[in-house]
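Novice: Provide a 3D model corresponding to the input given below.
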Amino acid sequence: MACPRLLGTARRVSAPLPRHPRSAQAPPAAVAPKHPFHDWSELSASTSLAPDWLLPPADANALAEGVWPASAHRDDDGVLWIAGVSTSQLRHEFGTPLYVVDEGEVRDHARRTLAAFRAAALPHGVQARVYYAGKAFLCAEVVRWVTAEGLAVDVCTGGELAVALAAGADPARLGFHGNNKSVVELENAVSVGIGSIVIDSAVELDRLATIVERAGATQAVLVRVNSGVHAETHDFLATAHEDQKFGFTLDEAPAIVARIRETPGLQFIGLHCHIGSQIFGTAGFQESAARIVELHAALLEGGEIPVLNLGGGFGIAYTSADDPTPIEDLASGIVAAVSRECGERGIPMPHLAFEPGRAIVGQAGVTLYEVGTTKPVDLDGGAQRLYVSVDGGMSDNARPALYGADFSARIASRLSPAPPALVRVVGKHCESGDIVVDADYLPGDVVPGDLLAVPATGAYCFSLANNYNYVPRPPVVAVREGSARVIVRGVTIDDLLAHDAGLDDGRPAPRGSDETNEGAE
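Specialist: Prediction:
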């Protein structure tokens, strides 16, 4: 069953991209740098190395509104505080690198998002359910925070399912995604009574049919469909087909739905679609909704379809140049688009579901580092770039290396009167692409020992963390109302060595015999 309006050539729709300038042993109190003063501002601030959207700030100490947690502020000494906790004290107590998550900020975003979609759906006589996309950042405490605020939880592996269940989440309020769910994962999901499973392939459908038959269970399922709309930030690309691993094409979906409806123990409840990540505006969602509703209408001939899940991907501000759409505007625009498309076809509007992750936790996270070295590097044309190396890097934030993602940074331990200098913040890993912040302005007197804070790291930083170069993984500390507590323990060098089976007998690594080393010098 083809959808005629979807055929034809690809088309790109672009909205203008608004840009504007950026408005371990340290004691708790701020201290002046103990290193000789180096003013790097003249070598960097006037060069052409900065991207077009990044302009020199009037104050390189300022915290851009909407990028940092709402609770973030500086005290009279210039020390950054988050949720009533001093970052200098956090460094003193927990060391660096350190993931810091503002619990109140996560809860506020969860409440606001749920309220926005419920309010948008109510005038249309339908309900809206919001799932927290656990892949953004999942741990037991985050599960408890978001479920306490009324959100369901979306998981995409057996491991994420285990975390959600261990944290006390209601299985009936869990959704299970993933393009390669194993038999064991599907068996576990069915056995605990998971609320819904999103079918992603014909192989998975066969697996699930066998499992529910053997278990004598009934399982609600959705079908993931590629709408042909792929959105990133302000642009979206609309095509008839997509080359990706997830879901079914619009032409394939009807046959899969028919098979589900013929399979005892499987209950088809709706279509699922996800069009991308870090999306600003509603244009891409509206185009996708038009395509999905057209398929939804055609499938109604075979029976009721109570739910339409339009995924997530709502953007946040990583730098002061980002201008994310308020969640209330997103909710009203997307829901109105679905209502309009259903009205044009004379069909009842289904209940709606959404899956934000980054929009819930992203702004709540700040990563703390200690500056280790600074180095001016001469470039062609007489330009120089100031490299600021920190004690973490691509092991705790892989997004710049993976996606070229932009972040910003500020000195967190003090105020500085120095003019701004254009810097690149890099990590300690043996990779030239080990970049934390590709370009930002810091005070020109940045020196080793400074505490550096990178905001908007609540999503896809801990989740993608690794131990490249045997660098320990930072702990996660939650802050709220003046108190701090570890919610995920870090991975230490001792932990890494404990995983090395070659060290199980306690012997040191062999150094080789005298014969083997003879003449080595």
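
Novice: residues in contact with the residue nearest to residue 365 when sequence neighbours are not counted?
Specialist: For residue 365, ignoring the flanking residues on the chain, the nearest one in space by C-beta to C-beta, 6 or more residues apart in numbering is residue 458 at 2.6 Å. In this view, the C-beta of every residue, glycine as well, is placed from N, C-alpha and C. Residues in contact with residue 458 (C-beta atoms under 8 Å, 6 or more residues apart in numbering) are 101, 106, 136, 137, 358, 361, 362, 363, 364, 365.

Novice: rerun that using 7 Å as the cut-off
Specialist: 101, 137, 361, 362, 363, 364, 365 (C-beta atoms under 7 Å, 6 or more residues apart in numbering).

Novice: Of the residues you listed, which belong to helices?
Specialist: residue 361 (DSSP state H).

Novice: And the contacts of residue 458, which two are furthest apart?
Specialist: Greatest spatial distance in the contacts of residue 458: 137 and 363, 12.0 Å, computed using C-beta to C-beta.

Novice: returning to that earlier point: can you classify the residue nearest to residue 365 by secondary structure?
Specialist: Using DSSP: H, G, I helix; E, B strand; the rest coil, the structure places residue 458 in coil.

Novice: can I see the domain layout of this structure?
Specialist: 35-102+363-498, 103-361 (automatic domain parsing).

Novice: got these as JSON lines, with distance to residue 504 and mean pLDDT columns?
Specialist: Below are these laid out as JSON lines (distance: least, C-beta to C-beta, whole Å; pLDDT from 0 to 100):
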{"stretch": "domain 35-102+363-498", "distance to residue 504": "9", "mean pLDDT": "93"}
{"stretch": "domain 103-361", "distance to residue 504": "25", "mean pLDDT": "95"}
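
Novice: can you redo the ones you listed as CSV with distance to residue 507?
Specialist: Below are these laid out as CSV (distance: least, C-beta to C-beta, whole Å):
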stretch, distance to residue 507
domain 35-102+363-498, 13
domain 103-361, 33
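
Novice: In contact with the most centrally placed residue in the chain, which residues?
Specialist: When C-alpha atoms, centre = their mean is applied to the chain, the residue found nearest the centroid is residue 459 (3.2 Å). Applying C-beta under 7 Å, 6+ apart, one finds that residue 459 lies in contact with 136, 137, 357, 358, 361, 362.

Novice: Let's have the contacts of residue 458 in CSV, adding neighbour count and distance to residue 274.
Specialist: Shown next, in CSV, are the contacts of residue 458 (neighbours: other C-beta atoms under 10 Å; distance: C-beta to C-beta, whole Å):
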residue, neighbour count, distance to residue 274
101, 29, 25
137, 28, 18
361, 32, 18
362, 29, 17
363, 28, 21
364, 33, 22
365, 26, 22
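
Novice: Closest one of the contacts of residue 458 to residue 184?
Specialist: Once C-beta to C-beta is applied, the member of the contacts of residue 458 that ends up nearest residue 184 is residue 137, at 24.9 Å.

Novice: Touching, the closest one and residue 463? I think so.
Specialist: Yes. Using C-beta atoms under 7 Å, residue 137 is in contact with residue 463, at 5.5 Å.

Novice: what's the residue nearest to residue 365 sitting at in phi/psi?
Specialist: Residue 458 adopts backbone torsions of phi -70, psi -20, taken as degrees, to the nearest 10.

Novice: and the gap between it and residue 190?
Specialist: According to C-beta to C-beta, to the nearest Å, residue 458 and residue 190 sit 32 Å apart.

Novice: Also residue 432?
Specialist: Residue 432 sits 47 Å away from residue 190, going by C-beta to C-beta.

Novice: give me every residue that touches residue 314.
Specialist: 279, 327, 330, 356, 359.

Novice: Mind checking which of these are in helices?
Specialist: Short answer: the contacts of residue 314 in helices (DSSP H) are 327, 330, 359.

Novice: and which of the residues you listed is nearest to residue 337?
Specialist: residue 330 (10.8 Å).

Novice: shouldn't residue 275 be in contact with residue 283?
Specialist: No. The criterion here is C-beta under 7 Å, and residue 275 misses it with residue 283 at 10.7 Å.

Novice: What strands line up against the strand or helix carrying residue 223, and which way round?
Specialist: If you go by DSSP states H and E, residue 223 is part of strand 219-226. Neighbouring strands of strand 219-226 in its sheet, by DSSP bridges, are strand 196-199 (parallel), strand 248-249 (parallel), strand 266-272 (parallel).

Novice: Just name the most buried of those.
Specialist: strand 196-199 (a mean of 25; mean count of other C-beta atoms under 10 Å).

Novice: Tell me the helix or strand right after that one.
Specialist: helix 202-215.

Novice: by contact count, what packs against that next one?
Specialist: Using 3 or more C-beta pairs under 7 Å, 6 or more residues apart in numbering; DSSP states H and E, the elements in contact with helix 202-215 are helix 183-192, strand 196-199, helix 253-262, strand 266-272.

Novice: Just the ones of the contacts of residue 458 in strands?
Specialist: 101, 365 (DSSP state E).

Novice: of the contacts of residue 458, closest to residue 484?
Specialist: Closest to residue 484, out of all of those and judged by C-beta to C-beta, is residue 101, at 10.1 Å.

Novice: Compute the distance between that closest one and residue 459, please.
Specialist: 10 Å.

Novice: shared neighbours, these two?
Specialist: With C-beta under 7 Å, 6+ apart, residue 101 and residue 459 have no common neighbours.

Novice: still on that earlier bit, can I get the contacts of residue 314 in a markdown table with distance to residue 491?
Specialist: Shown next, in a markdown table, are those (distance: C-beta to C-beta, whole Å):
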| residue | distance to residue 491 |
| --- | --- |
| 279 | 33 |
| 327 | 34 |
| 330 | 36 |
| 356 | 28 |
| 359 | 28 |
